[in-house]
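**Student:** I would like the atomic coordinates for the input below:
(one chain, ligands or ions: 2)
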Amino acid sequence: MIDTHAHLDRDEAQAVLARARESGVERVIVVGTTVDGARDALALADEHDGVYACLGIHPHEAGAAGDGEVQQLAGLFAHPKAVAVGETGLDYFRDYAPHDAQQRLFEGQLALARDIAKPVVIHMRAADDDTLATLAGFDGTVILHCFSSPPILGTALERSYYVSFAGNVTYKNAYELRAAARGVPRDRILAETDSPYLAPQPVRGQRNEPAHVVHTIEALAHARGEDAQELAAQIDANADAAFGL
Ligand SMILES: [Zn+2]
Ligand SMILES: [Zn+2]
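**Tutor:** Ligands and ions are numbered 1, 2, ... in the order given. From the prediction side, this is the model:
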């Protein structure tokens, strides 16, 4: 299995990745959310088989980052295990950075992804319309990470985006999200932990880690009326296609 989106501390990575392998999660895409975080993600990819790096500047960091940071990021993509740009996008929920700064950084990273022909991993929270409008001009591969916006699923699928579900799809009251999970075609669905956040049932409330993606895949399979092992294999193949692994 693969966890397509995890934030890992380097000190804990050895133990966390060992537990992942014990659970059958052999591959993890580690996400860096700043230039320094991106370097750490690449170091982890160097140190561990099956670990890949997604490099971006999170919209939360947009207040402190600009074109210079995107250029530094671009330099890191010479690494063979740097597989995607992101997470980037817009977050009007936490609203840690001014919207115009978020927008500029988002557009800068889309331009980077286009230049280097890498997929882009999108963080979108309470900003669905602006995010989709900005993405309309982007013709590369798009992965909507931690998908939590059922109303825009139709648009996402029309545009052939990959839709990645996290632990919140397992929560008791997440009926709409599970209905969305049923609506995603087999070749567009992904699963992730977004560790250390959003631990799925039955480990909700604990610190999340890649091993726990198993629970999210099981919940997705249950919602879709599919066999969990078959869905896991399908998600592995989808991740290969989406991230060019
Ligand atoms: Zn995110
Ligand atoms: Zn994330």
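
**Student:** all helices of the chain, in order?
**Tutor:** Taking DSSP state H as the test, the helices found in the chain are 10-22, 35-47, 67-76, 99-116, 128-135, 153-158, 175-183, 213-224, 228-243.

**Student:** out of those helices, nearest to ligand 1?
**Tutor:** Smallest distance to ligand 1 across the helices of the chain (CB to the ion): 11.8 Å, for helix 128-135. (Each C-beta comes from the backbone N, C-alpha and C, glycine too.)

**Student:** contacts for that closest one?
**Tutor:** With contacts defined as CB atoms under 8 Å, 6 or more residues apart in numbering, helix 128-135 is touched by 89-90, 92, 99, 103, 106-107, 110, 122, 124, 142, 149, 151-152, 155, 159.

**Student:** right, so the helices of the chain: which one is the most enclosed?
**Tutor:** Stretch with highest mean neighbour count among those: helix 213-224 (a mean of 22; mean count of other CB atoms under 10 Å).

**Student:** helices or strands up against that helix?
**Tutor:** Judged by 3 or more CB pairs under 8 Å, 6 or more residues apart in numbering; DSSP states H and E, helix 213-224 is in contact with helix 175-183, strand 189-191, helix 228-243.

**Student:** possible to save the ones you listed as a markdown table with distance to ligand 1 and mean pLDDT?
**Tutor:** Shown next, in a markdown table, are the helices and strands packed on helix 213-224 (distance: least, CB to the ion, whole Å; pLDDT from 0 to 100):
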| stretch | distance to ligand 1 | mean pLDDT |
| --- | --- | --- |
| helix 175-183 | 15 | 98 |
| strand 189-191 | 14 | 98 |
| helix 228-243 | 16 | 98 |
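
**Student:** In JSON lines: the ones you listed, plus distance to Y52.
**Tutor:** Listed next are the helices and strands packed on helix 213-224 as JSON lines, based on distance: least, CB to CB, whole Å:
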{"stretch": "helix 175-183", "distance to Y52": "24"}
{"stretch": "strand 189-191", "distance to Y52": "13"}
{"stretch": "helix 228-243", "distance to Y52": "7"}
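
**Student:** between the ones you listed, which one is nearest to A166?
**Tutor:** strand 189-191 (7.7 Å; CB to CB).

**Student:** Figure out which of the helices and strands packed on helix 213-224 is closest to G137.
**Tutor:** Ranking these by proximity to G137 (CB to CB) places helix 228-243 first, at 19.9 Å.

**Student:** Dump the helices of the chain to a markdown table, plus distance to I189.
**Tutor:** Listed next are the helices of the chain as a markdown table, based on distance: least, CB to CB, whole Å:
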| stretch | distance to I189 |
| --- | --- |
| helix 10-22 | 20 |
| helix 35-47 | 24 |
| helix 67-76 | 28 |
| helix 99-116 | 21 |
| helix 128-135 | 19 |
| helix 153-158 | 11 |
| helix 175-183 | 7 |
| helix 213-224 | 7 |
| helix 228-243 | 6 |
